[in-house]
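Asker: Can you look at this prediction? I've put the sequence above it.
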Amino acid sequence: MKRIKILVSVLLLAATTVSCGDFLSETPDNRTVIDSPRKVEQLLVAAYPDATFMLFNEMMADDVRDSGKMNLTSENDEKMFTFQDVHDEDLDWPIRYWMEAYKAIAQANTALEAIDKLEKEYANKPSKRSLENLRGEALLARAYSHFMLVNLWAKHYDPATASSDMGIPYMTSVEDELLVKYERNSVEEVYDLIEDDILTGIAKLKGVTYENNNVERYHFNEAAANAFATRFYLFKGDYKNAIKYSQAVQGLPIGKLRDVQGANKKSIEQNETDYAQTYVPTNLLVSTVKSRMTRILHTNRFNLSSASANRSLFGPNTHPLAEKNGNWNYPNDTYSLNDRYYVHKFYEHFKIIDFTNMTGHTYVSFVLFSNDMMYLDRIEAMILDNQIDEASKMLEYFTLTRTNLNAPAQEFMGSIKYSDWQNLYPIQTSDINPKTQLSEEQTTLLRALLDARRREGYQEGYRWFDIRRYNIVVKHQMATGEVYEVKENDNLQQLQIPLMAIDKGITPNPR
């Protein structure tokens, strides 16, 4: 597809090294003409961020320790570990994600503008994907990037304060001026706009078809859209709607979750290759982006050692059936260079650009939405909606699918009792600080659920969102003894707005 020349907003310019003159060298009318649904479809390929949040989220969360191996230190690693602002625009760091998310939003808005112009002409013309289907994808893609931005650079949604909490600018149109003055919408306004885009997008994706999984699961499809809606409503605190949109994985979704038992029998290489493949039933939306994440995870001073992993997440004493020899079954090993406990999820593809010097770009595929995470989101919503019995059954089933068993998980249903969760999560040791009052039973099951997501999303950055949502205190101790802490309701839970965006008038986050 030809490159589309558009004027980029100050939000993108806040984190790019391209000069203003380069952007202004083309007039707004000198663009590739988007004159068919097929060209809109091609345009939407770039409506997803070409970056990942996973590494910098991992570095801030409580699954990271200082190994003390000074030869493996980088400035960015150390800054993220000690909760300092990182201003580097390189791959895998916050500014790059900010920039790429707003680029993706601009692409989605360009697609929506083109759809508006094509509607009349193509109203009665057949096409493989209708303009309304494409509008649905564009709206969901726009909503997704804004959702990620607001949950990284603003406070978590709290109905008591959302109308006054600073969110992020919500972009709904293609700009034809460069120096537009932008204001930060409130968190409530951002969530309202996201919700509008999600609901309209889902309605317009009804009946959408793709050639095959390899095409479908790189785009918002109905299943991925419902998983997104589930997560959105969970974060908003609308548990009824979170449960509604997660019905595809209600009960015991046999065959829909990741086959952890089978994965544990595969080689390291096969697990890394398979994890984010579109043919894996659980994977609903996959993204392949420029990233050095595999290299950084393998050579990072700050990590989770095998000893720490066994104590906190993956050892037998962290399993509710520990007294009955229950143990986790995640495929893993220890990377010897930095004693890192490693679960095999990421496969790097190196694309050679210069064959003379053998230089190029590194790409990694990531799972943005899956049945597994939607299942956990549903369980959490049911716990908070006080549907305890059903939530308990689902949590037990999920746990058993990740347990070293000699038969399918459903054959062991009934083996985990509530008392097993109580023993593992005594109420007096609770480290969560929810906004609403919970019963003892809800608190116990919620802690079990959060650990299940922490374990399932290990190395994928999801723990940071739960830390923010439940005000979990994080303490990082350097090998030299200094302690850095993110406290309850700490402003450090929000990433800092990029400096160049601040220079252009975007209000910074307090520090």
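Answerer: Sure, I can see it.
Asker: Which residue ranges of this protein form strands?
Answerer: 65-66, 283-290, 302-303, 332-335, 340-343, 348-354, 359-370, 474-477, 483-486 (DSSP state E).
Asker: and residue 427, how many neighbours?
Answerer: Applying other Cβ atoms under 10 Å, we find 11 residues neighbouring residue 427. Every residue, glycine included, has its C-beta placed from N, CA and C.
Asker: same thing with the one 3 residues further on?
Answerer: Residues near residue 430, counting by other Cβ under 10 Å, number 16.
Asker: Surely it and residue 443 touch.
Answerer: Yes - counting by Cβ atoms under 8 Å, residue 430 touches residue 443, with 5.8 Å between them.
Asker: Tell me which of the strands of the chain sits most buried.
Answerer: A comparison of these by mean neighbour count, using mean count of other Cβ atoms under 10 Å, puts strand 302-303 on top with a mean of 27.
Asker: Any idea which helix or strand in the chain has the lowest mean pLDDT?
Answerer: Counting by mean pLDDT, DSSP states H and E, the chain has its least confident helix or strand at helix 20-24, which shows a mean of 31.
Asker: Now residue 420: closest residue in space that isn't a chain neighbour?
Answerer: Closest residue to residue 420 apart from its sequence neighbours, by Cβ to Cβ, 6 or more residues apart in numbering: residue 320 at 4.0 Å.
Asker: okay but the one you found is in contact with residue 399, surely?
Answerer: Yes - assessed by Cβ under 8 Å, residue 320 is found in contact with residue 399 at 6.5 Å.
Asker: Common neighbours of these two, please.
Answerer: residue 416 (Cβ atoms under 8 Å, 6 or more residues apart in numbering).
Asker: Let me know the distance separating residue 484 from residue 97.
Answerer: 22 Å (Cβ to Cβ, to the nearest Å).
Asker: What of residue 426?
Answerer: 38 Å.
Asker: Who has more neighbours out of those two?
Answerer: residue 97 (28 against 10).
Asker: List the contacts of that one.
Answerer: Counting by Cβ under 8 Å, 6+ apart, residue 97 has contacts 49, 51, 52, 53, 56, 148, 152.
Asker: Residue 311 - how many residues pack around it?
Answerer: Residue 311 - counted by other Cβ under 10 Å - has 13 other residues nearby.
Asker: residue contacts, it?
Answerer: Residue 311 touches 317, 318, counting by Cβ under 8 Å, 6+ apart.
Asker: ok, now how distant is it from residue 485?
Answerer: 20 Å.
Asker: next one: residue 230
Answerer: For residue 230, the distance to residue 485 (Cβ to Cβ) stands at 32 Å.
Asker: can you check residue 248 too?
Answerer: From residue 248 to residue 485 the distance is 40 Å (Cβ to Cβ).
Asker: now do residue 109
Answerer: Plainly put, residue 109 is 40 Å away from residue 485 if you go by Cβ to Cβ.
Asker: What residue spans form the domains of this structure?
Answerer: 1-74+83-185+489-511, 210-472 (automatic domain parsing).
Asker: And the residue nearest the centre of the protein?
Answerer: For the chain, the residue sitting closest to the mean C-alpha position, by Cα atoms, centre = their mean, is residue 368 at 5.6 Å.
Asker: mind listing what the residue lying closest to that one once chain neighbours are set aside touches?
Answerer: Sequence neighbours aside, residue 285 is the residue nearest to residue 368 in space, at 4.5 Å (criterion: Cβ to Cβ, 6+ apart). Residue 285 sits next to 217, 218, 219, 220, 221, 224, 227, 228, 367, 368, 369 when contact means Cβ under 8 Å, 6+ apart.
Asker: among the residues you listed, which are in helices?
Answerer: 224, 227, 228 (DSSP state H).
Asker: can you pick the most crowded of those residues?
Answerer: Counting neighbours by other Cβ under 10 Å, residue 227 leads the ones in helices among the contacts of residue 285 with 28 neighbours.
Asker: Identify the residues contacting it.
Answerer: 245, 246, 284, 285, 369, 370, 371, 373, 374, 377.
Asker: I'd say the first one and residue 230 touch.
Answerer: Yes - when contacts are counted by Cβ under 8 Å, residue 245 is listed as touching residue 230 (4.6 Å).
Asker: Which residue of these two possesses the greater neighbour count?
Answerer: Using other Cβ under 10 Å, the more surrounded residue of residue 245 and residue 230 is residue 230, with 28 against 23.
Asker: what about the closest residue to residue 225 other than its chain neighbours, neighbour count?
Answerer: Among residues not flanking residue 225 along the chain, residue 202 sits closest, at 4.8 Å (Cβ to Cβ, 6+ apart). As a burial measure, residue 202 scores 19 neighbours (other Cβ under 10 Å).
Asker: Just give the number of residues close to residue 62.
Answerer: 19.
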